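>>> can you look at this prediction? I've put the sequence above it.
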2 protein chains.
Amino acid sequence: MQDRIAAQLAFLTEADRLKSVLRGTTLCDGSRPENAGEHSWHIALYAMVMAEHANRPVDINRVIRMLLIHDLVEIDAGDNPIHGDHDPAEMEAVEQAAAARIFGLLPADQARDFRALWDEFEAAETDDAIFAKSIDRVQPVIANLETDGGSWPAYNVTAAQLQSRVGDKVMRGAPAIWAALRTRIDQWFHTG
Amino acid sequence: MQDRIAAQLAFLTEADRLKSVLRGTTLCDGSRPENAGEHSWHIALYAMVMAEHANRPVDINRVIRMLLIHDLVEIDAGDNPIHGDHDPAEMEAVEQAAAARIFGLLPADQARDFRALWDEFEAAETDDAIFAKSIDRVQPVIANLETDGGSWPAYNVTAAQLQSRVGDKVMRGAPAIWAALRTRIDQWFHTG
């Protein structure tokens, strides 16, 4: 039992480092970059509030757990902004190694369960994972709208790119949320 | 539907401000104070990993949801370190007003549900709430142990005070976790 708790605490202490991984977007008041730890909290809360807008039935508790662990690999792999430049194949290899190391800190049964949940999120094939990905994609859009485009100008994002990189993915799992944001998004891109 | 989503997004955007509420403890590397948003993520992850150590049966999904919303009132009320000086009655009044305002941003049915979950956490009477409180109390202890006592010296905390203010409460819901930490805690207070 002591060994088991020690392994769990080692994992939880390592997880603390996610609070130092900075993302491309800022807080909604623009005061500083958001970190991946607080982002993970915010999207879990998003899922809790927005569950009813999933376009297919989801187990919201699984979605929340997925979102709580979805970014842990960034402790080793860093954050890769969706509008940034990176090699997807190289990135995937780095993230796979990170998942093996970080989830591997847990007792074997939990390491297996957490890894399976993260793999499911990454694959984006089940209804739970598709909705989780929609939520993960929509929160930075709000942060950008709240900060006059936020990271969009820096990455030279066009309305068409936002639609294909973000909108289409949000619409897979939560079309009603994207529909609700369209007016604000169109307005920003047309006047911005 | 548009009104409902607008209310939900207003709540979620207001929630963003929790990332700017600083706590008495630091990150595990001591680099900066922890904020209440990332703390909320970390303890939800703690609950997910440590569920098996609850000394009574709990619905871990309810515990996680409780922990995701438990600190939102601090947007208005600020963080009150457990070892700090504050008037509990005055604090409670401020937090009640904060809960009314912040949860009140949600559509009425969700405002009621979220408020009820927060009230249950605060009352610390149900098994779910007791375990949630244990988890909320144990995470700062780890942060302090990782940073050579962290906030304990600044607040002149004694081993007896840590036991009565923190240990007894952790033991109510998760005695095995406290037992596992006792050696490290005793060591710090005897050599510190």
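It's in.
>>> show the contacting residues for A:Ala159.
For A:Ala159, the contacting residues are A:185-186, A:189, by CB atoms under 8 Å, 6 or more residues apart in numbering or on different chains. For the C-beta atoms, the positions are set from N, CA and C on the backbone; glycine is no exception.
>>> quick one, helices of chain A?
Secondary structure of chain A by DSSP state H: the helices cover A:2-15, A:36-50, A:60-69, A:74-77, A:88-103, A:108-123, A:127-146, A:159-162, A:168-173, A:175-191.
>>> among the contacts of A:Ala159, which ones are buried?
Taking 16 or more other CB atoms under 10 Å in any protein chain shown as the criterion, what is buried in these is A:185, A:189.
>>> closest to A:Val21 among the contacts of A:Ala159?
A:Ile185 (26.8 Å; CB to CB).
>>> could you measure from that closest one over to chain B?
Look at A:Ile185 and chain B: by CB to the nearest CB, to the nearest Å, they are 13 Å apart.
>>> A:Leu162 is in contact with that residue, correct?
Yes - the pair A:Ile185 / A:Leu162 is scored as a contact, 6.8 Å apart, by CB atoms under 8 Å.
>>> give me the common contacts of these two.
Between them, A:Ile185 and A:Leu162 share these contacting residues under CB under 8 Å, 6+ apart: A:Val141.
>>> for chain B, what's its nearest residue on chain A.
A:Trp41 (3.4 Å; CB to the nearest CB).
>>> that residue: neighbour count?
Neighbours of A:Trp41 under the rule other CB atoms under 10 Å in any protein chain shown: 28.
>>> state the mean pLDDT of stretch A:112-132.
Average pLDDT, stretch A:112-132: 98.
>>> quote the end-to-end distance of that stretch.
One end of stretch A:112-132 sits 20 Å from the other (CA to CA, to the nearest Å).
>>> nearest residue to the middle of chain A?
What sits nearest the mean C-alpha location of chain A, by CA atoms, centre = their mean, is A:Asp136, with 3.9 Å.
>>> what sits against that residue?
A:43, A:67, A:70.
>>> looking at these, which is nearest B:Gly37?
After measuring these against B:Gly37 - CB to CB - the closest member comes out as A:Ile43, at 11.3 Å.
>>> can you pull the contacts of the closest one?
By CB under 8 Å, 6+ apart, the neighbours of A:Ile43 are A:67, A:135-136, A:139.
>>> check the residues you listed and tell me the two furthest apart.
Pairwise distances among these were taken by CB to CB; the largest, 9.9 Å, belongs to A:Leu67 and A:Gln139.
>>> which one of these two has more residues nearby?
A:Leu67 (28 against 22).
>>> just to check, that one is in contact with A:Trp41?
No - using CB under 8 Å, A:Leu67 is not in contact with A:Trp41; the gap is 9.1 Å.
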